[in-house]
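Peer 1: Structure for the following, please:
(2 chains)
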Number of protein chains: 2
Amino acid sequence: MSILVVGSVAFDDITSPSGGVKDILGGAATYFSLAASYFTKVRVVAVVGDDFGPDQEKIFHQHGIDIRGIEREKGKTFRWGGSYFDNLNEAKTDFTDLNVFEKFQPQIPKAYEDTEFLFLANIQPTLQADVRRKMTGVRLTGCDTMNYWINRTPKELAETLKLVNILLINDTEAKMIAGETNLPRAAQKVLAMGPQALVIKHGEYGATIFFREGAFGVGHHPFRAPTLPIDEVKDPTGAGDSFAGGFMGYLASQQELNREVLKRALFYGGVMGSFAVEEFGTKRLQSLNRDEIEARFQIFRELTHLE
Amino acid sequence: MSILVVGSVAFDDITSPSGGVKDILGGAATYFSLAASYFTKVRVVAVVGDDFGPDQEKIFHQHGIDIRGIEREKGKTFRWGGSYFDNLNEAKTDFTDLNVFEKFQPQIPKAYEDTEFLFLANIQPTLQADVRRKMTGVRLTGCDTMNYWINRTPKELAETLKLVNILLINDTEAKMIAGETNLPRAAQKVLAMGPQALVIKHGEYGATIFFREGAFGVGHHPFRAPTLPIDEVKDPTGAGDSFAGGFMGYLASQQELNREVLKRALFYGGVMGSFAVEEFGTKRLQSLNRDEIEARFQIFRELTHLE
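Peer 2: Here you go, the predicted structure:
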């Protein structure tokens, strides 16, 4: 099956204790689509400027990613600069130039209307809701958001949450949305707002999926997947989007969507996130193969499973 | 088999968002020995004052814990007061009255000399080393420490680490000892200082055990156990000591000490820690039975294991 991601494509400048890079291809939709491309057919809706050319297109095309939905506007592509210091969990933003992304109005190409899976990367919640409403045939919708929208557009975000099946956010975001410091209680409050499942990402400690009673199976027990302890995290940028790409991409590759499939998807999310941080930008995500992914899945299993 | 714990017995005043208690029995050796008592015979070496009487003795005796090694001194028992606010991971210390604990010189009763397992709870590293050297017949020694000793007595701590098999600390402590912000690299540095295995506790995210190459089996792959997402953490005091009690207590109940046994021990550590926080002080640890412990072990397994 196929998955459509709607979100940002960007050029990034990144520095970390491991070095630095300039003008490399980034953005949530880029990380997501590369990670998902190892599991399923991916389509992208985004906006770029005149500076996006054949070199960037090639990266998508080499992974069979359909970029007919990437709109070209006059001007520059979204640019972001960030620095990481000893605490790799937090980026210091050096600059954010929204450029053509500022007026992004997602347009769904006719050829994309039959897409079965949808991922709404982190954009303004009303735009997310509009896209979701247009895609009348989707089987499952995943969604991301961030503190900026949680604080500034809580009502619009609440409307979007009614329309999505799975929300993927981090601990802080879950607690902010719920206004609740206890994580399991925060999860229950967020689930009551609409989604059937909530994936909370814990950075280097993995992720937990919480289910609404009866959603995707019986009961409401959560499930936790690890991440890999990595000796050198070169660049954490895009780890969350790569996680989402592995998670949603695996789901889109499956016939049935039950608890066991969602649990395995959580492992694949962690696997793709763990690859992403090994090199700057999308470099590692560009060079993978399915054997390497399966081998790391096995390492994740051995890391957590008793005999 | 039996285990000896050397550490503090205290009276605590605790407040948290769930309420407050005064003058309740606490201290690392207390939490540890109650948690371990569900798995094996426990012996305690500690010091208390005149205010420690039959009510406190009864709590130990009801769990078959041998307290002949608890020395009685003139004066008051160690007293600690702490408050937890929204972030339950951190206690604000309201007061610390060391009292008779200030001059604690652990004495090992003759009857304890044949103890097979030893746990050195958080006390001055030179005292830990002295106890370890006296206990010539022990099969395995576990050890805890804290930032205070890491900063003030690094040389003494380094000497102690040469004498112990397993060190149990948290993320911050591991990074401090190693002078290294990356956790897997910090773990390798700590292991190079002496212990064959290192348990790093991640609070609400569980714990990871790192092995020295070849220790307790082949290879050096780490293993991660979860904690349970709990709706109401009433009192986090003693969670780490209860974790250590479950971990070491389970080890002491086993004939063979291999990787698989250590992995299961990590699960039992998490299980006992998760019970401890459900009530103030040691209340929940006093009322458990082995069936409840096994049922929670199963929940931990379901939380992390794919089919």
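
Peer 1: what number of residues lie near the one residue in chain A that gets nearest to chain B?
Peer 2: Nearest to chain B, among the residues of chain A, is A:Tyr205, at 3.7 Å (CB to the nearest CB). To be clear about C-beta, it is placed using only N, CA and C from the backbone, and glycine gets the same treatment. Applying other CB atoms under 10 Å in any protein chain shown, we find 20 residues neighbouring A:Tyr205.

Peer 1: My read is that it contacts A:Pro229, right?
Peer 2: No. With contacts counted by CB atoms under 8 Å, A:Tyr205 stays clear of A:Pro229, the gap being 10.0 Å.

Peer 1: re the thing from before, check contacts around the nearest residue to the residue of chain A closest to chain B once chain neighbours are set aside.
Peer 2: Once flanking residues are discounted, A:Tyr205 sits nearest to B:Tyr205: 3.7 Å by CB to CB, 6 or more residues apart in numbering or on different chains. Shown in contact with B:Tyr205 (CB atoms under 8 Å, 6 or more residues apart in numbering or on different chains): A:202, A:205-206, B:226-227.

Peer 1: Let me have the residues you listed in JSON lines, extended by secondary structure, pLDDT and distance to A:Ala276.
Peer 2: What follows is these, written out as JSON lines (DSSP: H, G, I helix; E, B strand; the rest coil; pLDDT from 0 to 100; distance: CB to CB, whole Å):
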{"residue": "A:His202", "secondary structure": "coil", "pLDDT": "95", "distance to A:Ala276": "16"}
{"residue": "A:Tyr205", "secondary structure": "helix", "pLDDT": "94", "distance to A:Ala276": "16"}
{"residue": "A:Gly206", "secondary structure": "coil", "pLDDT": "96", "distance to A:Ala276": "15"}
{"residue": "B:Pro226", "secondary structure": "coil", "pLDDT": "94", "distance to A:Ala276": "23"}
{"residue": "B:Thr227", "secondary structure": "coil", "pLDDT": "92", "distance to A:Ala276": "26"}
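
Peer 1: Filter those down to the buried ones.
Peer 2: Taking 16 or more other CB atoms under 10 Å in any protein chain shown as the criterion, what is buried in the contacts of B:Tyr205 is A:202, A:205-206, B:226-227.

Peer 1: Rebuild these as TSV, extending it with distance to A:Asp171.
Peer 2: Formatted as TSV, the buried ones among the contacts of B:Tyr205 follow (distance: CB to CB, whole Å):
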residue	distance to A:Asp171
A:His202	6
A:Tyr205	9
A:Gly206	11
B:Pro226	15
B:Thr227	14
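
Peer 1: how about the strands in the stretch 51-200 of chain A?
Peer 2: A:66-72, A:78-84, A:91-97, A:117-120, A:140-143, A:166-170, A:197-201 (DSSP state E, counting those that start in this stretch).

Peer 1: Any stretches of chain A with poor pLDDT?
Peer 2: For chain A, applying pLDDT under 70 flags no range at all.

Peer 1: on that earlier part again, check the gap between the residue nearest to A:Tyr205 and B:Leu34 for me.
Peer 2: B:Tyr205 sits 24 Å away from B:Leu34, going by CB to CB, to the nearest Å.

Peer 1: Check A:Gly206 too.
Peer 2: A:Gly206 is 30 Å from B:Leu34, by CB to CB.

Peer 1: Buried residues in stretch A:61-79, which are they?
Peer 2: For stretch A:61-79, by 16+ other CB under 10 Å, it's A:63, A:65-67, A:69-71, A:73, A:76-79.

Peer 1: Please save the CA atoms from it in PDB.
Peer 2: Provided in PDB are the C-alpha atoms of stretch A:61-79 (Å, rounded to 0.1, in the frame of the first residue of the first chain):
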ATOM      1  CA  HIS A  61      13.800   9.300  -6.800                       C
ATOM      2  CA  GLN A  62      16.500   6.900  -5.800                       C
ATOM      3  CA  HIS A  63      14.200   5.600  -3.200                       C
ATOM      4  CA  GLY A  64      11.200   5.500  -5.500                       C
ATOM      5  CA  ILE A  65       9.500   8.400  -3.600                       C
ATOM      6  CA  ASP A  66       6.800  10.100  -5.600                       C
ATOM      7  CA  ILE A  67       7.400  13.900  -5.400                       C
ATOM      8  CA  ARG A  68       4.800  15.100  -7.900                       C
ATOM      9  CA  GLY A  69       3.100  16.700  -4.900                       C
ATOM     10  CA  ILE A  70       6.100  18.900  -4.100                       C
ATOM     11  CA  GLU A  71       5.100  22.400  -5.200                       C
ATOM     12  CA  ARG A  72       7.700  24.800  -6.600                       C
ATOM     13  CA  GLU A  73       7.300  28.400  -5.600                       C
ATOM     14  CA  LYS A  74       9.400  31.500  -6.500                       C
ATOM     15  CA  GLY A  75      11.800  32.200  -3.700                       C
ATOM     16  CA  LYS A  76      13.900  30.100  -1.300                       C
ATOM     17  CA  THR A  77      13.200  26.800   0.300                       C
ATOM     18  CA  PHE A  78      12.600  26.700   4.100                       C
ATOM     19  CA  ARG A  79      16.000  27.000   5.800                       C
END
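
Peer 1: Any chance you could list what contacts it?
Peer 2: A:4, A:8-13, A:27, A:33-34, A:37-38, A:41-52, A:57, A:60, A:95-101, A:103, A:107-109, A:111-112, A:286.

Peer 1: In three-state terms, label A:Phe216 for me.
Peer 2: State at A:Phe216, reduced to three classes by DSSP: H, G, I helix; E, B strand; the rest coil: coil.

Peer 1: Now do the contacts for it.
Peer 2: With CB under 8 Å, 6+ apart as the criterion, the residues that contact A:Phe216 are A:196-197, A:257-259, A:262.

Peer 1: Any figure for the gap between it and A:Gln188?
Peer 2: To A:Gln188, A:Phe216 is 16 Å away according to CB to CB.

Peer 1: just A:Pro125 next, same as before
Peer 2: Going from A:Pro125 to A:Gln188 by CB to CB gives 21 Å.

Peer 1: And these two? Which one has more around it.
Peer 2: A:Pro125 (24 against 18).

Peer 1: okay but the more buried one is in contact with A:Leu157, surely?
Peer 2: Yes. In terms of CB under 8 Å, A:Pro125 counts as a neighbour of A:Leu157; the distance is 4.3 Å.

Peer 1: Give the intersection of the neighbour lists for those two.
Peer 2: A:145, A:149.

Peer 1: residues from the stretch 1-150 of chain A in reach of chain B?
Peer 2: Residues of the stretch 1-150 of chain A lying close to chain B (CB under 8 Å from any CB of the partner chain) are A:86-88.

Peer 1: As TSV, the residues you listed with neighbour count would be great.
Peer 2: What follows is those, written out as TSV (neighbours: other CB atoms under 10 Å in any protein chain shown):
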residue	neighbour count
A:Asp86	11
A:Asn87	8
A:Leu88	22
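
Peer 1: tell me which of the contacts of B:Tyr205 is nearest to A:Pro184?
Peer 2: B:Thr227 (11.3 Å; CB to CB).

Peer 1: Was I right to think that closest one contacts B:Gly206?
Peer 2: Yes. Checked against CB under 8 Å, the pair B:Thr227 and B:Gly206 is within contact range at 4.9 Å.

Peer 1: which residues are in contact with both of these two?
Peer 2: Common neighbours of B:Thr227 and B:Gly206 (CB under 8 Å, 6+ apart) are B:Gly270.

Peer 1: For the stretch 201-307 of chain A, which segments are assigned as helices?
Peer 2: A:239-252, A:259-276, A:283-286, A:290-304 (DSSP state H, counting those that start in this stretch).

Peer 1: Measure how the longest one sits relative to helix A:290-304, angle-wise.
Peer 2: Here helix A:259-276 runs at an angle of 110 degrees relative to helix A:290-304 (axes from the mean of the first three to the mean of the last three CA atoms, to 10 degrees).
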